[in-house]
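Trainee: what's the 3D shape of this:
(chains A and B)
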Amino acid sequence: MSNAIHLHYDVSGEDFTRAGEASGAVKKTLRRLGYNNDAIRRVAISMYEAEINMVIHAEGGYCDVDIYPDRVEILLSDHGPGIPDVEKAMQEGFSTAPDNVRTLGFGAGMGLPNIKKYTDDMRIETTIGVGTNVYLTVTVNE
Amino acid sequence: MTVKEFAERLNLKVMIEGEMDREITGCYIGDLLSWVMGRAPEDSAWLTVMGNINSIAVATLADVSCIVLVENAALDENAAQKADIHGVTILQTPENSYQLAVKLHGLLEE
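Mentor: Predicted coordinates for the structure are as follows:
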């Protein structure tokens, strides 16, 4: 558990122009540390999707990233409305994103399924009216 | 084939000159950003009509070689700035995705 590199990012809500900054920064850090492309890509994609979710649904939040030699652990936390039906939200194509988001190319109902696809472990804790924590682990395969 | 050669040989307009020496090994077409991000192969030319700032983030995260705005789709000002900062090449063509992809395929087969 030692030797972890810890990174923290605030994700501002309702600001699509800045979404992707945290995942982009993590990607750069992993590249500098010499992680393999597959792991970097999976971390970047899953983290960006989760960031976008926080911007669309939860008016922002924060990410904590812990980088270990064999894995990357990410917590994305928000004080948004919570997810009423997680199982439904996990289905490809299911989306509650508003129309203005769709015109930007999001809201296809691919966010959570993409995150699931690209991570080795994904856990969602959500309480209606309180917020959502998403815990992600990407294992680094050599 | 590099992005530079691709742009020159198919007469594509260079809107943002990023890493022009990057290799192109394939092609991906799509406008739904989450879909594209999850599926576009690395080092591919990404053909789309989405010229907004989020497209740049997707291109960076998915590691595509360049974005091609087909059918002369517009590039937003803030997207242009972000592409410039991140070294993402943006090309533009009046042709549609199918027409351009067929030509790109021909070049990749050479």
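
Trainee: what number of residues lie near residue B:106?
Mentor: A total of 11 residues lie near residue B:106 under the criterion other Cβ atoms under 10 Å in any protein chain shown. The way it works is simple: take the backbone N, C-alpha and C, and place the C-beta from them, glycine included.

Trainee: next one, pLDDT for it please.
Mentor: The predicted structure scores residue B:106 at 97 on the pLDDT scale.

Trainee: what residues are up against residue 70?
Mentor: Using chain A here. Applying Cβ atoms under 8 Å, 6 or more residues apart in numbering or on different chains, we find residue A:70 in contact with A:139, A:140.

Trainee: ah, no, chain B please
Mentor: Residue B:70 neighbours (Cβ under 8 Å, 6+ apart): B:47, B:48, B:49, B:92, B:93, B:95, B:96, B:97, B:100.

Trainee: mind checking how far the fourth one is from residue A:92?
Mentor: Put plainly, it is residue B:92. In this structure, residue B:92 and residue A:92 are separated by 31 Å, where distance is defined by Cβ to Cβ, to the nearest Å.

Trainee: and if you look at the last one?
Mentor: Going from residue B:100 to residue A:92 by Cβ to Cβ gives 28 Å.

Trainee: so is the lengthiest helix in chain A next to chain B?
Mentor: The residue-count maximum for a helix in chain A (DSSP state H) belongs to helix A:37-58. Yes. Judged by Cβ under 8 Å from any Cβ of the partner chain, helix A:37-58 and chain B are in contact via A:37, A:41, A:44, A:45, A:48, A:49, A:52.

Trainee: for the residue nearest to the fifth one when sequence neighbours are not counted, what are its contacts?
Mentor: With sequence-adjacent residues excluded and distances taken as Cβ to Cβ, 6 or more residues apart in numbering or on different chains, residue A:48 is closest to residue A:23, at 4.1 Å. By Cβ under 8 Å, 6+ apart, residue A:23 lies in contact with A:43, A:44, A:47, A:48, A:51, B:57, B:61.

Trainee: run a quick neighbour tally on the first one.
Mentor: Close neighbours of residue A:43, defined as other Cβ under 10 Å, add up to 28.

Trainee: spatially central residue for chain B, please.
Mentor: Residue closest to the average C-alpha location in chain B (Cα atoms, centre = their mean): residue B:67, at 1.6 Å.

Trainee: partner residues bridging that one?
Mentor: Assessed by DSSP bridges, residue B:67 has beta-bridge partners residue B:46, residue B:90.
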